[in-house]
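>>> Sequence and predicted structure below; questions after.
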Amino acid sequence: MFTNNARIILVGIFLAMQLFFIYQHVYELAAVMVLFVVLIIWGYFKEGTVILAAKSFHKKDYDKAESLLRQIARPTWLSKKRRGFYEFILGGVSLQKQDYEAAEIHYELASQFPLRSANDHVAALVHVANISIRQQNFDKARAYLELAGKHEGKITAKMKEVIAKLELELKQH
């Protein structure tokens, strides 16, 4: 839950403390500092800045959310849970920028990873279906709406209403 700059500063502090503890011959605390450094580095690769980006995204600060997500050098190394959020948030940012092709790709990827709830998973599927309808790809839209329909008992009424509207729109084509 740190930015990359905060991680660098913390690693520097812990390494300085480690050197001090080694100088003072307190090897137990020096070992603890090594553990802290390893945890921060592990967090960089497995957690990234996804939580901070999610907070910015929910505040509708899309530029900051995208900036935080772009700090992640290798999204494929994120844990499965974080990777789903990473793709979901990038899909939302792309949608706000009206870059529908990128949004579609990110939402498709997000639907392949575990998300916070079934409602979020269905939201990713519905976004792909909606974009597919706008791009006149009705077969793909039907397929994604069918996948969304499998979670019908676990989603909110608002999401059911969105699915119903999209299905109605598909019937017109």
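The structure has been received and is ready for your questions. Numbers count the residues shown, from 1 in each chain.
>>> how near is residue 170 to residue 164?
Distance of residue 170 to residue 164, given as C-beta to C-beta, to the nearest Å: 11 Å. To be clear about C-beta, it is placed using only N, CA and C from the backbone, and glycine gets the same treatment.
>>> When those two are compared, which one has more neighbours?
More crowded of residue 170 and residue 164, by other C-beta atoms under 10 Å: residue 170, with 16 against 11.
>>> Are there helices or strands packed against the worst-scoring helix or strand of the chain on mean pLDDT, and which ones?
Least confident element among the helices and strands of the chain, by mean pLDDT, DSSP states H and E: helix 157-171 (a mean of 90). Here helix 157-171 touches helix 118-134, helix 138-149, going by 3 or more C-beta pairs under 8 Å, 6 or more residues apart in numbering; DSSP states H and E.
>>> Need the residues that contact stretch 60-78.
3-4, 45-50, 52-54, 56-57, 83, 86-87, 89-90, 92-93, 96-97 (C-beta atoms under 8 Å, 6 or more residues apart in numbering).
>>> can you do 7 Å?
3-4, 45-46, 48-50, 52-53, 56-57, 83, 86, 89-90, 93, 96 (C-beta atoms under 7 Å, 6 or more residues apart in numbering).
>>> Which of these are buried? Put it as a PyMOL command.
One line in PyMOL is enough to select the buried members of the contacts of stretch 60-78, burial here meaning 16 or more other C-beta atoms under 10 Å:
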select buried, resi 48+49+50+52+53+56+57+83+86+89+90+93
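>>> residues contacting residue 107?
For residue 107, the contact set (C-beta under 7 Å, 6+ apart) comprises 91, 124, 127-128.
>>> if we go to 8 Å?
87-88, 91, 124-125, 127-128, 131.
>>> Please apply the same query to residue 142.
By C-beta under 8 Å, 6+ apart, residue 142 lies in contact with 129, 170.
>>> please renumber so the chain begins at 27
Will do, 27 is the new start, and the previous item becomes residue 168.
>>> where's it relative to residue 131, distance?
19 Å.
>>> Could you do residue 163 as well?
When residue 163 is compared with residue 131 (using C-beta to C-beta), they lie 14 Å apart.
>>> What of residue 73?
23 Å.
>>> and if you look at residue 158?
Counting by C-beta to C-beta, the gap from residue 158 to residue 131 is 12 Å.
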